[in-house]
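Colleague: Structure here, sequence nowhere to be found:
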DNA sequence: CGCCTCAGTTAGAAGCTATAACGACTGTAG
DNA sequence: CTACAGTCGTTATAGCTTCTAACTGAGGCG
């Protein structure tokens, strides 16, 4: 006997070896978010119910308030995770080539959106009236925009300058210090709005009843953006 | 004395002279919808509360169920009214010229959207998961699409044919019997998606923090669509 | 004039978010 | 090994929501 005791837990609560309470806490938080995502995927964010999540986890409703201050708090964290996931998808799409191929980025966006439509709508759909994005999501959003800008450099540098480019050159605020050419900025902006236009209407079901495949329209718009 | 009695109400319940009960009913219904619109304009459709509306009208909650079968029923009617309003705005925009000027239609859409952002989002925003549009809204949607198609005829007939046009020529389903050229169809589609792309992101507040005026971007996209 | 329909009421069920108070467990310190 | 303390999960409760059922009152219509 006197079997070797399981490694005595380090008393130091280093970030990679947290004390058991904290470890359990983060695990439960993750499980809550997992159930929340499943619920959002089926019924949308507006139908997210803390009570239902607790019941699925074998707990009572108020227990969840130990882990999230409120329902909005949970949703905010899900929004942040969604942004993070999109940024990761963009990183993965632009990892292969040097400087993020534009078409790859476009198709990555659509694949990411179709993978979980409600996750896309959670970010780009109808906003909650009183909701204000926290600082970290604006950071991730800027990260995403930067990748899009990078991808637009090779396809928009030698584009003809439009009146809007001239206007944009004098009215830029975000894109701090990047100072991409106005044509590139313009191209990134319209890429964003056009891709979102097709995706948003597709996910909302506004193309049902029309026989064409939205993927074809999306690809055509992407091609138009790529070739100028 | 024997003053002339006020015109005796016609006993016949003709559509333009309904019996008092029906008249009162439609009036109360209209008042309910008016309060609903005011509530939606301030807090969005998700925050619409029948109880609050009833309280504002000096009634108790269940009384409203005499006029609308359910909350979804009320929202459905508001959606239909919103579509009707947009169709009217399009009609007004295309009334002056013969055949609906494209730019006028585009600016009419933006003006209509900014007039009441939540009304626009009620139609084109994140859909309720289980919601299915009734038949009359698809009719109005088709009416709107027809006006857009008409406006696209003069600006897209002599456009160069793209691969997507060829695809679209073989995969059209709505647009029953209209049989517009594929280029016109294509132009109408991308007009829709591009205008919606800018409007949707603008109304959702995704351009806040960027210094440019979304109206300029919208105008630029519209110009691009008009000139090809 | 009397009936009868319909508007609006109260009462109540089932659901939700969220707070407060309490018991119990557990990790840690002495 | 024991005692403390912090946290987890519970029940109870308030207040909100949609929506149904049953009752009352008043108005229109024959």
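Modeller: Noted; the coordinates are in hand. Computed from a predicted model, the values in this text were never measured in an experiment. Numbering: from 1, shown residues only, chains lettered A, B, ... in the order given.

Colleague: Quick check: phi and psi at residue A:94.
Modeller: The phi/psi pair for residue A:94 (degrees, to the nearest 10) reads phi -100, psi 10.

Colleague: ok, for it, nearest residue in space, not its chain neighbours?
Modeller: residue A:100 (3.1 Å; Cβ to Cβ, 6 or more residues apart in numbering or on different chains). Heads up, the C-betas are built off the backbone N, CA and C, glycines and all.

Colleague: count of residues packed around that neighbour?
Modeller: Neighbours of residue A:100 under the rule other Cβ atoms under 10 Å in any protein chain shown: 23.

Colleague: Please apply the same query to residue A:20.
Modeller: Counted with other Cβ under 10 Å, the neighbours of residue A:20 add up to 8.

Colleague: What is the distance between stretch A:130-140 and the centre of its chain?
Modeller: Stretch A:130-140 sits 12 Å away from the centroid of its parent chain (Cα atoms, centre = their mean, to the nearest Å).

Colleague: cool, stretch A:34-52 as well?
Modeller: Centre to centre, stretch against its chain (Cα atoms, centre = their mean), the figure for stretch A:34-52 is 17 Å.

Colleague: got the buried residues for that stretch?
Modeller: Buried residues in stretch A:34-52, counted by 16 or more other Cβ atoms under 10 Å in any protein chain shown: A:35, A:36, A:37, A:39, A:40, A:43, A:44, A:45, A:48, A:50.

Colleague: Please see if it touches chain B.
Modeller: Yes: using Cβ under 8 Å from any Cβ of the partner chain, we find that stretch A:34-52 touches chain B at A:42, A:43, A:44, A:46, A:47.

Colleague: Now do the SS call for the residue in chain A that chain B sits nearest to.
Modeller: At 2.6 Å from chain B, residue A:197 is the closest residue in chain A, using Cβ to the nearest Cβ. Following DSSP: H, G, I helix; E, B strand; the rest coil, residue A:197 is assigned to helix.

Colleague: Excluding chain neighbours, what is closest to the most centrally placed residue in chain A?
Modeller: The centroid of chain A falls nearest to residue A:83 when counting by Cα atoms, centre = their mean (2.6 Å). Excluding the flanking residues, the one nearest residue A:83 by Cβ to Cβ, 6+ apart is residue A:140, at 4.2 Å.

Colleague: Quickly find the element holding that neighbour.
Modeller: helix A:135-156 (DSSP states H and E).

Colleague: After that helix, heading C-terminal, what element do we hit next?
Modeller: Helix A:135-156 is succeeded, C-terminally, by helix A:163-170 (DSSP H and E).

Colleague: buried residues in that next one?
Modeller: A:164, A:165, A:167, A:168.

Colleague: a markdown table please, covering the residues you listed and showing distance to residue B:67.
Modeller: Shown next, in a markdown table, are the buried residues of helix A:163-170 (distance: Cβ to Cβ, whole Å):
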| residue | distance to residue B:67 |
| --- | --- |
| A:164 | 49 |
| A:165 | 54 |
| A:167 | 50 |
| A:168 | 50 |
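
Colleague: Low-confidence ranges, chain A, go.
Modeller: For chain A, applying pLDDT under 70 flags the ranges A:1-18, A:96-99, A:174-178.

Colleague: Residue numbers of it in contact with DNA strand D?
Modeller: Applying Cβ under 7 Å from any atom of the strand, we find that chain A lies next to DNA strand D at A:21, A:24-25, A:28, A:54, A:58-63, A:66-67.

Colleague: All the helices of chain A, in order from the start?
Modeller: In chain A, the helices defined using DSSP state H lie at A:20-43, A:50-56, A:71-93, A:102-115, A:117-124, A:135-156, A:163-170, A:182-203, A:214-227.

Colleague: Would you mind finding the most buried of those?
Modeller: Per-stretch averages of neighbours, counted by mean count of other Cβ atoms under 10 Å in any protein chain shown, single out helix A:182-203 among the helices of chain A, with a mean of 24.

Colleague: Could you check the angle that one makes with helix B:214-227?
Modeller: 80 degrees (axes from the mean of the first three to the mean of the last three Cα atoms, to 10 degrees).

Colleague: what helices or strands is helix A:182-203 leaning on?
Modeller: Here helix A:182-203 touches helix A:102-115, helix A:117-124, helix A:135-156, helix A:163-170, helix A:214-227, helix B:182-203, helix B:214-227, going by 3 or more Cβ pairs under 8 Å, 6 or more residues apart in numbering or on different chains; DSSP states H and E.

Colleague: what sits up against the third one?
Modeller: Translated: helix A:135-156. With contact meaning Cβ atoms under 8 Å, 6 or more residues apart in numbering or on different chains, helix A:135-156 is reached by A:79-80, A:83-84, A:86-87, A:90-91, A:94, A:99-102, A:104-105, A:133, A:174-175, A:178, A:180-181, A:183-188, A:191-192, A:225-228, B:209.

Colleague: Give me the angle between it and helix A:182-203.
Modeller: 110 degrees.

Colleague: contacts with chain B among the buried residues of helix A:163-170, please.
Modeller: Contacts with chain B within these, counted by Cβ under 8 Å from any Cβ: A:164, A:167, A:168.

Colleague: Report the contact partners of the closest residue in space to the last one that isn't next to it in sequence.
Modeller: Going back to what we said before, that points to residue A:168. Leaving aside its chain neighbours, residue A:168 sits nearest to residue A:182 (4.8 Å; criterion: Cβ to Cβ, 6+ apart). By Cβ under 8 Å, 6+ apart, the contact list for residue A:182 reads A:161, A:165, A:166, A:168, A:169, A:172.

Colleague: My read is that the fourth one contacts residue A:186, right?
Modeller: Yep, that's residue A:168 we're talking about. Yes: using Cβ atoms under 8 Å, residue A:168 is in contact with residue A:186, at 5.7 Å.

Colleague: how far away is residue A:84 from residue A:122?
Modeller: Distance of residue A:84 to residue A:122, computed by Cβ to Cβ, to the nearest Å: 12 Å.

Colleague: Identify the residues contacting residue A:89.
Modeller: By Cβ under 8 Å, 6+ apart, the contact list for residue A:89 reads A:108, A:109, A:111, A:112.

Colleague: Greatest separation within those residues: which pair is it?
Modeller: With distances taken as Cβ to Cβ, the most widely separated pair in those is A:109 and A:111, at 7.4 Å.

Colleague: Serialize the helices of chain A to a markdown table and add fields for distance to residue B:149.
Modeller: Converted to a markdown table, these look like this (distance: least, Cβ to Cβ, whole Å):
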| stretch | distance to residue B:149 |
| --- | --- |
| helix A:20-43 | 35 |
| helix A:50-56 | 45 |
| helix A:71-93 | 34 |
| helix A:102-115 | 26 |
| helix A:117-124 | 27 |
| helix A:135-156 | 31 |
| helix A:163-170 | 26 |
| helix A:182-203 | 16 |
| helix A:214-227 | 16 |
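
Colleague: could I get these as JSON lines with distance to DNA strand C?
Modeller: Converted to JSON lines, the helices of chain A look like this (distance: least, Cβ to the nearest atom of the strand, whole Å):
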{"stretch": "helix A:20-43", "distance to DNA strand C": "4"}
{"stretch": "helix A:50-56", "distance to DNA strand C": "3"}
{"stretch": "helix A:71-93", "distance to DNA strand C": "3"}
{"stretch": "helix A:102-115", "distance to DNA strand C": "25"}
{"stretch": "helix A:117-124", "distance to DNA strand C": "16"}
{"stretch": "helix A:135-156", "distance to DNA strand C": "19"}
{"stretch": "helix A:163-170", "distance to DNA strand C": "40"}
{"stretch": "helix A:182-203", "distance to DNA strand C": "24"}
{"stretch": "helix A:214-227", "distance to DNA strand C": "33"}
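
Colleague: No further queries at this time; thank you.
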